[in-house]
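Chemist: Need coordinates for the below:
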Amino acid sequence: MDIEKLEGTGILSISLDQPNHYFEMVVCTNIGRKFKVSAWNAVDAFFDITFGALDCREFGAVGELECVTLMGDVLILEGNFVNIVIKTARILIEEFS
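Modeler: Numbering: from 1, shown residues only. Sure thing, here's the model as predicted:
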């Protein structure tokens with residue numbers, strides 16, 4: 001899937017494990033299709049992640065994913081609530097129900 005097609009989706013959840021080994025974001029399109037964006041490195045390998053302008057006050061939906069960019073091994077997620085930059089080796093986008 002073309003990662004830029006996730007732009008404009010609603011963010012349902014964001015998860016980051018304590019040692020920064022695994023990141024997950026679940027989004028939903030306006031027609032109800034759900035996608036999971038996962039990022040990780042090799043087993044037990046840390047990755048760099050930066051949060052900027054984090055503002056999560058709403059419940060039900062975190063906010064809108066306004067811009068998605070993948071440049072090499074850097075994933076940039078920008079929304080009306082947060083900007084996230086992840087430098088990692090593996091990124092997976094999968095649809096689920």
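Chemist: Please make it C-alpha for all contacts and neighbour counts, starting now.
Modeler: Fine.
Chemist: where's the helix or strand bottoming out on mean pLDDT in the chain relative to the chain centroid, distance-wise?
Modeler: Ranked by mean pLDDT, DSSP states H and E, the weakest helix or strand in the chain is strand 48-52, scoring a mean of 82. Taking Cα atoms, centre = their mean, to the nearest Å, one finds the center of strand 48-52 at 11 Å from the center of the full chain.
Chemist: for that strand, packing partners?
Modeler: Applying 3 or more Cα pairs under 8 Å, 6 or more residues apart in numbering; DSSP states H and E, one finds that strand 48-52 makes contact with strand 83-87.
Chemist: C-terminal to the strand it packs on, what's the next element?
Modeler: Next along the chain after strand 83-87, taking DSSP states H and E as the criterion, comes strand 90-96.
Chemist: now what about the helix or strand that residue 66 is a member of, what contacts it?
Modeler: Assigned by DSSP H and E, residue 66 belongs to strand 63-71. If you take Cα atoms under 8 Å, 6 or more residues apart in numbering as the criterion, strand 63-71 is touched by 3-4, 6-12, 75-81.
Chemist: rerun that using 7 Å as the cut-off
Modeler: Residues from elsewhere that reach strand 63-71 (Cα atoms under 7 Å, 6 or more residues apart in numbering): 3-4, 6-11, 75-81.
Chemist: Going by neighbour count, which residues in stretch 74-81 are buried?
Modeler: Neighbour-count burial for stretch 74-81, counted by 16 or more other Cα atoms under 10 Å, picks out 74, 75, 76, 77, 78, 79, 81.
Chemist: With stretch 39-50 instead?
Modeler: 39, 40, 41, 47, 49.
Chemist: partners of the last one in the sheet?
Modeler: Under the criterion DSSP bridges, residue 49 forms beta bridges with residue 86.
Chemist: Quickly list what the closest residue to residue 85 other than its chain neighbours is bridged to.
Modeler: Closest residue in space to residue 85, ignoring its immediate chain neighbours: residue 76 at 4.6 Å, by Cα to Cα, 6 or more residues apart in numbering. Residue 76 has these beta-bridge partners by DSSP bridges: residue 69, residue 85.
Chemist: Sweet, I'm off.
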